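In: Okay, here's the prediction I keep looking at, along with the sequence it came from:
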Amino acid sequence: MPNTFKKMRYPVLNVLSLFACIGLLGACAEIEEKEQLLAAAGFSMKYADTPEKLEHLKLQVQHTLIPYTKEGKNYFVFADTDTCKCMFVGDDKAYQQYNILEVQENIAYQQRMTAEMNRDWELDGGRWGQPWGNGPWNGYGANYY
């Protein structure tokens, strides 16, 4: 192998490793955010504090709210063996509250994105002059008639 190929190969692997780590951090942050919403909605956090509980937790579907019915009551379970080694358990009321909080979180996210786009347009819009031209809609229509 030529020496230049050996030198180029490792930086590429380093960059790929960096992107993989960033992706994992993003996934962890998303899971932690979901767990915060679950706790705020009234879900109870149950730690897997024994080897038996941890084994049972590993058998559950991970990072997804799963409905269960026990003794005629509905429950929702969110298992996480990666971040907290715990299980969040809630009833119908907690699940409804979680849905409300999730919608509010999505609305807040959309408002932040809109505000950022508007800010970016205000900062950058000056390059283009009037963005909609001199049409009749803004009082400068005399030159079109």
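Out: Looks like it came in fine. Residues are numbered from 1 along each chain as shown.

In: Which helix or strand lies directly C-terminal to the worst-scoring helix or strand of the chain on mean pLDDT?
Out: When each helix and strand of the chain is scored by mean pLDDT, DSSP states H and E, helix 3-41 comes last, with a mean of 62. Using DSSP states H and E, the helix or strand that follows helix 3-41 towards the C-terminus is strand 44-47.

In: Looking at that next one now, give me its mean pLDDT.
Out: For strand 44-47, mean pLDDT rounds to 96.

In: Restricting to C-alpha, output the helix or strand following it in CSV.
Out: On the C-terminal side of strand 44-47, the nearest following helix or strand under DSSP H and E is helix 51-59. The C-alpha coordinates for helix 51-59 follow below in CSV (Å, rounded to 0.1, in the frame of the first residue of the first chain):
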residue,chain,number,x,y,z
PRO,A,51,-30.2,-8.7,38.7
GLU,A,52,-33.7,-10.3,38.2
LYS,A,53,-35.3,-6.9,37.5
LEU,A,54,-32.6,-6.0,35.1
GLU,A,55,-33.1,-9.2,33.2
HIS,A,56,-36.8,-8.6,33.1
LEU,A,57,-36.2,-5.1,31.9
LYS,A,58,-34.0,-6.3,29.1
LEU,A,59,-36.8,-8.4,27.8
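
In: Gln104 versus Ala79, what's the distance?
Out: 25 Å (CB to CB, to the nearest Å). The way it works is simple: take the backbone N, C-alpha and C, and place the C-beta from them, glycine included.

In: Those two: who's more crowded?
Out: Neighbour count, other CB atoms under 10 Å: between Ala79 and Gln104, Ala79 has more, with 24 against 11.
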